[in-house]
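Engineer: Here is the input, now give the coordinates:
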Amino acid sequence: MSDIHGEYKAFAHVLRNGSGAVMKKIDDVFGDTLFEDQKEDLASLIYYPSEKLQYVKNQGRADSSWYRTTLYRLVSVCQIVSSKYTRSKVRKAMPENFRYVIEELITEKKEVLNKKAYYDEIINTIIEIGCADEFIVEMSNLIQRLVIDHLHIIGDIYDRGPGPHIIMDKLMSYHSVDIQWGNHDILWMGAAAGQWGCIANVIRICARYGNLDILEDGYGINLMPLATFAMEAYKDDPCTAFEMKGDANNYSILEEELGRKMHKAIAIIQFKLEGQLIRRHKEFHMEKRCLLHRIDPKKGMITLPDGKEYPLTDTYFPTIDWKKPYELTTEEKDVMERLDSAFRNCEKLQNHVRLLLDKGGLYKTYNGNLL
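Structural biologist: Have a look, this model is predicted:
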């Protein structure tokens, strides 16, 4: 999977269906013996077992006959998805509370003379003692687990979408994964290390996409210093050039206004910090990216390195000293010092970055493929 960009619901769905592999296994097992709607019904049960069980119960279909048929079908699918692994590997993947029962059902028993009666007795017992729901959930999870032997994440878990921290939580406990860093992942790694330019950029992107709650709720990073500074520095500025992207219906008018002000405040800070960085490192050859000193505040124009002049969509810059445009104000420095401490001392973020470091790299060659 690549370019997940915080879209945790889509990410979770692809993991559940094995990027279509679960449905393929169902086709392999049942071929023309089941109708398409029956196959889709079984697939949705495997993807979302708890939700599907409740749906079937609400429809009044969850009788002993449905349970018996469903359990046999799940066993058949589990047999085929486990067939490519060693018995030891399959056993380790099984849920502990049902390990023995599942092993009995999916393993060929040559010593059993009447196999159908033997399996019928196991299935009937599961139903009679009231364990069918739990067993279905565990079997479905096992199928999901066995369909994906190893997961490659190829770049950009973070930014834009609302739940990169949720994705990282899932990856923390995933059975087998490697990660090739994208530029957005490296940006967050830099922020976690306390690099001010990276911190500012991370916050700016969150503000731009209306995702500041990733930082506040997801990671517990206190943005109050930035909010207080933004409301004071830009109190008379509507900051209309810094509207949030995407659907802003989840925010009140006041929240949108604060979001715009915070977006502008951190953007200006980022431009200053990047300018400082570029000028400290001449070897980057990025002087063209330094733009603040190219602004004519009186005319409200900017002259780019190619000599072309453009009008600015925003001309209110109360925190810029035009003699030293890349220097942070005392208040901006204070904000960044507090944010620096918050990022470096966030245990959850540090754990997520440790996973990126432990399981990741810039590239990986796997099965002759460059990831």
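
Engineer: okay, CA-based contacts and neighbour counts for the rest of this
Structural biologist: Fine.

Engineer: Poorly predicted segments of this protein, please.
Structural biologist: Low-confidence segments of the chain (pLDDT under 70): 109-113, 247-249.

Engineer: So which residues of it form strands?
Structural biologist: In chain order, the chain shows strands spanning 151-154, 177-180, 295-296, 301-303, 309-311, 360-361, 365-366, 369-370, with DSSP state E as the criterion.

Engineer: Just put the ones you listed in TSV and tack on distance to residue 259 and mean neighbour count.
Structural biologist: Supplementary listing: the strands of the chain in TSV, determined by distance: least, CA to CA, whole Å; neighbours: other CA atoms under 10 Å:
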stretch	distance to residue 259	mean neighbour count
strand 151-154	31	18
strand 177-180	32	20
strand 295-296	25	18
strand 301-303	25	17
strand 309-311	24	13
strand 360-361	33	18
strand 365-366	42	8
strand 369-370	40	8
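
Engineer: Those strands into TSV, with extra columns for distance to residue 190?
Structural biologist: Compiled in TSV, the strands of the chain are given as follows (distance: least, CA to CA, whole Å):
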stretch	distance to residue 190
strand 151-154	19
strand 177-180	16
strand 295-296	29
strand 301-303	30
strand 309-311	33
strand 360-361	14
strand 365-366	25
strand 369-370	25
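
Engineer: what number of residues lie near the closest residue to residue 145 other than its chain neighbours?
Structural biologist: With sequence-adjacent residues excluded and distances taken as CA to CA, 6 or more residues apart in numbering, residue 145 is closest to residue 93, at 7.4 Å. If you count neighbours by other CA atoms under 10 Å, residue 93 ends up with 16.

Engineer: Residue 93 touches residue 141, doesn't it?
Structural biologist: No. The pair residue 93 / residue 141 is not scored as a contact, 9.8 Å apart, by CA atoms under 8 Å.

Engineer: Between the two, which contacts overlap?
Structural biologist: When contacts are counted by CA atoms under 8 Å, 6 or more residues apart in numbering, the set common to residue 93 and residue 141 is empty.

Engineer: In contact with the residue nearest to residue 145, which residues?
Structural biologist: Contact criterion CA under 8 Å, 6+ apart gives 142, 145-146 as the residues in contact with residue 93.

Engineer: is it possible to export these to TSV including distance to residue 254?
Structural biologist: Listed next are these as TSV, based on distance: CA to CA, whole Å:
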residue	distance to residue 254
142	47
145	45
146	48
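
Engineer: From the rest of the structure, what touches stretch 154-166?
Structural biologist: Contacts of stretch 154-166 (CA under 8 Å, 6+ apart): 1-8, 167, 179-185, 188, 202, 205-206, 209, 211, 214, 218-219, 371.

Engineer: Buried residues, that stretch. List them.
Structural biologist: Going by neighbour count (16 or more other CA atoms under 10 Å), the buried part of stretch 154-166 is 154-166.

Engineer: Check which residues of stretch 7-18 are buried.
Structural biologist: Of all the residues in stretch 7-18, those buried under the rule 16+ other CA under 10 Å are 7-8, 11, 15-18.

Engineer: wait, which of the strands of the chain is closest to residue 77?
Structural biologist: Across the strands of the chain, residue 77 has its closest neighbour in strand 151-154 (20.9 Å, CA to CA).

Engineer: Put the alpha carbons of the closest one into PDB.
Structural biologist: Backbone C-alpha positions of strand 151-154 (Å, rounded to 0.1, in the frame of the first residue of the first chain) are rendered in PDB as follows:
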ATOM      1  CA  LEU A 151       2.600  -5.800   4.400                       C
ATOM      2  CA  HIS A 152       4.700  -3.300   2.600                       C
ATOM      3  CA  ILE A 153       3.900   0.400   3.200                       C
ATOM      4  CA  ILE A 154       5.500   2.400   0.400                       C
END
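
Engineer: starting at the chain centroid, how far to that strand?
Structural biologist: 12 Å (CA atoms, centre = their mean, to the nearest Å).

Engineer: Over to stretch 42-52?
Structural biologist: Averaging C-alpha positions (CA atoms, centre = their mean) puts stretch 42-52 22 Å from its chain's average.

Engineer: which residues sit against it?
Structural biologist: When contacts are defined by CA under 8 Å, 6+ apart, stretch 42-52 is touched by residues 13, 16-17, 22-23, 26, 53, 70, 136-137, 140-141, 143-144.

Engineer: which parts of it are buried?
Structural biologist: Burial within stretch 42-52, assessed by neighbour count using 16+ other CA under 10 Å, is assigned to 42-50, 52.

Engineer: Just send those back as JSON lines, with distance to residue 229 too.
Structural biologist: Below are those laid out as JSON lines (distance: CA to CA, whole Å):
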{"residue": "42", "distance to residue 229": "55"}
{"residue": "43", "distance to residue 229": "52"}
{"residue": "44", "distance to residue 229": "49"}
{"residue": "45", "distance to residue 229": "50"}
{"residue": "46", "distance to residue 229": "50"}
{"residue": "47", "distance to residue 229": "46"}
{"residue": "48", "distance to residue 229": "45"}
{"residue": "49", "distance to residue 229": "48"}
{"residue": "50", "distance to residue 229": "46"}
{"residue": "52", "distance to residue 229": "49"}
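
Engineer: Look through this protein and tell me its longest helix.
Structural biologist: helix 253-280 (DSSP state H).

Engineer: Sort out which residues of that one are buried, please.
Structural biologist: Residues of helix 253-280 classed as buried under the neighbour-count rule (16+ other CA under 10 Å) are 256-278.

Engineer: With stretch 199-218 instead?
Structural biologist: 199-215, 218.
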